[in-house]
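K.L.:
Everything below, folded, please.
(one chain, ligands or ions: 1)
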Amino acid sequence: MKVPFSPPKINDDVINAVVETLRSGWITTGPKTKQFEKELAEYCGCRKVLCLNSATAGLELVLRWWGVGPEDEVILPAYTYSATANVVLHCGAIPVLVDTKDDFNIDIEAVKKAINPHTKVIMPVDIAGFPCDYDELLDLVNQQEIKSLFKPSNERQEILGRILILSDSAHSFGAYYKGKRSGSLADFSVFSFHAVKNLTTAEGGAVCIQMPQSFDADEIYKSLSIKSLHGQTKDALAKMQIGNWRYDIVEPGFKCNMTDIQAAMGLAELPKYDKETLPKRKYIFEKYTERLKNYSWAQIPVYKTDDKESSYHLYPLRIKGINEQQRDKIMDVVFSHDVAVNVHFQPLPLLSAYKSRGYKMEDYPVAYDNYSREISLPVYYDLSDQQIGWVLDALIDGVNRVLGA
Ligand SMILES: *Cc1c(COP(=O)(O)O)cnc(C)c1O
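P.N.:
Below you'll find the predicted structure:
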């Protein structure tokens, strides 16, 4: 493979940090995880962070903490990775899919139309790392007519008195919205540190807690940690203290804590993230744009506006005026040049688990149009100028051959 799609950024600092942790005698959740949580909260400017083994686990724990269950509805975009909707089904609730906009993110007008007395949560997704319109979303759920539709079914819901905003920020670590970082923009935001994401711990995720001051962030942290460890009142480190063996199980919880090996990877990368990682990703975006803007068929993704700056996670190029079959053929030509490209995402109604639940692609025309013309170009730290050139040559050859230009 001349150009892979997104190999992880693993340098000697990361390798040494992992080895040091392995030699330290403590490999599961412990001091490194606590340190990583503290540094993440400082980085994002949010009240508190809990690290877990995945973003998926984080999204589900928040839904369960909020008390989402049968007959409840959670509004989310049709255009996302399946994790966003799967966790709603795990809770026995109903994912209400809405269409997206031209920038790939959730359409707030469509959200508004979907709200009813069953709505408990809105889950916007920062597709490709570009933040959603958080002020508009928060304004919407705080409107009197929308608040009067909200039917609280437990004490937490009564205290907040409105629909919860839970951001799937899996892509947007380091992104900005009106001068604030992703992680501090919604009531809860969940990052992914999966191997293909901008900052990786192999597998991993983090829940950023930014609930209003009427909630105690430490209490939410504690409650989510207990859920992440079998409902156990003490974690492994606390139980290690001599004589401190007895614990209680207060609920049948999950098992999705982060290990110190993972946290060590994150801690080694975090200080370099703004200095090296984001600037390099931005550089790649600009290189792609610089050449592609000369082609009338290229629809350049939006990644920077007055209010927003992407985390430069994905470069979701669209080709103007093509259909899904033509897109696939262009990709085949690109693959034949040994260059890996991808599609983000197949909208949920195209996938068997969702199709069979009655979701129909024709109900989400913008999501389908975005998908059918989309090709994600490789973006990763070690991508060289020469490789950027190969990607573009392969793409241009593909478009020329398929569109006969
Ligand atoms: C990667 C991803 C997730 C899931 O992250 P995990 O850490 O693998 O659970 C969720 N949502 C979106 C949009 C993603 O791309």
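K.L.:
Quick one: name the residues of this protein near the ligand.
P.N.:
By CB under 6 Å from any ligand atom, the residues of the chain that approach the ligand are 54-56, 80-81, 83-84, 125, 168, 170-171, 192, 194, 205. C-betas here are computed from N, CA, C, even on glycine.
K.L.:
Mind doing that once more with 8 Å?
P.N.:
54-59, 80-81, 83-84, 125, 127, 168, 170-171, 190, 192-194, 196-197, 203-205, 344-345 (CB under 8 Å from any ligand atom).
K.L.:
Mind checking which of those land in helices?
P.N.:
55-59, 83-84 (DSSP state H).
K.L.:
Filter those residues down to the buried ones, ChimeraX style.
P.N.:
Remark: buried members of those, expressed as a ChimeraX selection using 16 or more other CB atoms under 10 Å:
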select :55,56,57,58,59,83,84
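K.L.:
Now compare the ones in helices among the residues of the chain next to the ligand and name the two farthest from each other.
P.N.:
The span of those, defined through CB to CB, is set by Ala57 and Thr84 at 13.1 Å.
K.L.:
need the helices for the stretch 251-400 of the chain, in chain order.
P.N.:
According to DSSP state H, counting those that start in this stretch, the stretch 251-400 of the chain carries its helices in the segments 260-272, 278-292, 324-336, 352-355, 365-372, 385-403.
K.L.:
Would you format those as TSV with mean neighbour count, distance to Leu164 and mean pLDDT included?
P.N.:
Converted to TSV, the helices of the stretch 251-400 of the chain look like this (neighbours: other CB atoms under 10 Å; distance: least, CB to CB, whole Å; pLDDT from 0 to 100):
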stretch	mean neighbour count	distance to Leu164	mean pLDDT
helix 260-272	22	26	98
helix 278-292	17	29	98
helix 324-336	17	35	98
helix 352-355	14	23	98
helix 365-372	20	23	98
helix 385-403	18	40	98
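K.L.:
would you list these in TSV and tack on distance to Val3?
P.N.:
Below are these laid out as TSV (distance: least, CB to CB, whole Å):
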stretch	distance to Val3
helix 260-272	22
helix 278-292	11
helix 324-336	9
helix 352-355	31
helix 365-372	23
helix 385-403	5
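K.L.:
Just the strands from this protein, written as ranges.
P.N.:
Taking DSSP state E as the criterion, the chain contains strands spanning 48-52, 73-77, 94-98, 119-122, 164-168, 176-177, 180-181, 188-192, 205-209, 298-299, 308-309, 315-319, 374-377.
K.L.:
just those: most buried one?
P.N.:
Ranked by mean neighbour count, the strands of the chain are led by strand 188-192 with a mean of 30 (mean count of other CB atoms under 10 Å).
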